[in-house]
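>>> Curious how this folds, go ahead:
(one chain, ligands or ions: 1)
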Amino acid sequence: MGPAVDRFETEVAAAASVGFAHAVSSGTAAIHLALIALGVSPGDVVIVPSLTFVGSANPAVYCGAELWFVDSDPDTWTINPSLLQSAFDAAHSDGRRIGALIAVDIFGQCADYGEIQALCASYNVPLIEDAAEALGSTYRGEPAGSFGNVGVFSFNGNKIITTSGGGALVSNDQTLIDRCRHLSAQAREPELHYEHQEIGFNYRMSNVLAALGSAQLSTLEHRVAARRSVFARYEDLLGGVDGIAFMKEDSQGISNRWLTTLTIDAGKFGASNLDVVAALEAENIEARPILKPMHAQRVFRGNRMFGGSVAEHLFEDGLCLPSGTALTGDDLERVAAIVRRTGAG
Ligand SMILES: Cc1ncc(COP(=O)(O)O)c(C=O)c1O
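From the prediction side, this is the model:
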């Protein structure tokens, strides 16, 4: 593939404190390869938190598996372990095989892996950590990406490290990473001529993009600190406003605060999250509601859901503020002033 890919893979593995990494064309491709390498097959159940980006969920459908969704914990917004256990129990009593759990480190906050790993071990379910948004975060002192049988990062344009488009798989299981490497290169056999024994994918990362990733990865600590200070500044400016509640940081981890997210209680604040989005938009500033849960998406209508009210509430009341590290102190004050004004007006 080229020396830059080799170097980037070594660096990504080190960032996740694992032995091996494979760089690919997107986070979605990485999840797809992880599911195949873990043996997920048509008819299997794959469990995903409902509060996530669709890139976590779609690859299970590519594999012919059935997606079941689980609600979030109201404090951490990550997958709720007791509802997860209900889903495992339901699959067991229905005689369904669970091909994998994909736990998601949402907005940079690691899921509760102490609980999740114990559940996966006792129900014998492979764990994929979707750390697409969480490069540089930690849980109980260990880095995001290191908690599953395999972890996944995204280097999409909006992420903390970006190769414009890209992703990576990380694991201590060399056989699994080698299998993903083989599949990502059209499953080409090591022959002089082009020899194929199974269907593969064109999912590799190019050498040029890997060089970009490498250069940025060397500044990861600084990038995480910058995102955290964006979050902290917004919290200083808006934390005391009635009706505004910032996403809490789980005491077990340190989030990279990839996006600054909060909820707005419209009754107390005097305006809704969508009013704030419109007020910012009027000043040419982009903001968005929080992710619409998967179980509320038309494409997944009818899929099984465990709980649901927490993710629904976060979608109804949630807001993502501009969070890029290029924002200046003046920019943050301007955004906060518009938010305040919307509530007051
Ligand atoms: C939680 C999550 N999972 C998966 C993905 C998919 O990554 P990509 O866009 O690189 O395919 C993303 C982001 O884009 C994401 O935020």
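>>> now the helices for the stretch 201-345 of the chain?
For the stretch 201-345 of the chain, the helices defined by DSSP state H, counting those that start in this stretch cover 207-217, 220-238, 266-269, 273-282, 309-317, 329-344.
>>> other SSEs contacting the fourth one?
Spelled out, that is helix 273-282. Under the contact criterion of 3 or more CB pairs under 8 Å, 6 or more residues apart in numbering; DSSP states H and E, helix 273-282 touches strand 260-264, strand 318-321, helix 329-344. No exception for glycine: its C-beta is placed from N, CA and C like everyone else's.
>>> helix or strand for the residue of the stretch 51-200 of the chain found nearest the ligand, which one?
Among the residues of the stretch 51-200 of the chain, G55 lies nearest to the ligand; the distance is 2.8 Å by CB to the nearest ligand atom. According to DSSP states H and E, G55 maps onto helix 54-62.
>>> cool, V170 as well?
Using DSSP H and E, V170 falls in strand 167-171.
>>> Now the terminal residues of stretch 199-213, how far apart.
Length of stretch 199-213, first residue to last, CA to CA, to the nearest Å: 28 Å.
>>> same deal with stretch 18-31?
Using CA to CA, first and last residues of stretch 18-31 are 17 Å apart.
>>> buried sites along that stretch?
By 16 or more other CB atoms under 10 Å, the buried positions in stretch 18-31 come out as 18, 20-31.
>>> From the residues you listed, pick the one nearest the ligand.
The ligand has its nearest neighbour among the buried residues of stretch 18-31 in G27, at 2.5 Å by CB to the nearest ligand atom.
>>> Can you add mean neighbour count and mean pLDDT and give the helices and strands packed on helix 273-282 back as a markdown table?
Shown next, in a markdown table, are the helices and strands packed on helix 273-282 (neighbours: other CB atoms under 10 Å; pLDDT from 0 to 100):
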| stretch | mean neighbour count | mean pLDDT |
| --- | --- | --- |
| strand 260-264 | 24 | 98 |
| strand 318-321 | 22 | 98 |
| helix 329-344 | 16 | 97 |
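>>> nearest to the ligand, of these?
The nearest among the helices and strands packed on helix 273-282, by CB to the nearest ligand atom, is strand 318-321 at 11.7 Å.
>>> So the closest one, near the ligand or not?
No. Strand 318-321 lies out of reach of the ligand by CB under 6 Å from any ligand atom, never closer than 11.7 Å.
>>> Contacts made by that strand with the rest, please.
Residues from elsewhere that reach strand 318-321, judged by CB atoms under 8 Å, 6 or more residues apart in numbering: 107, 234, 259-264, 273, 276-277, 287-290, 335, 339.
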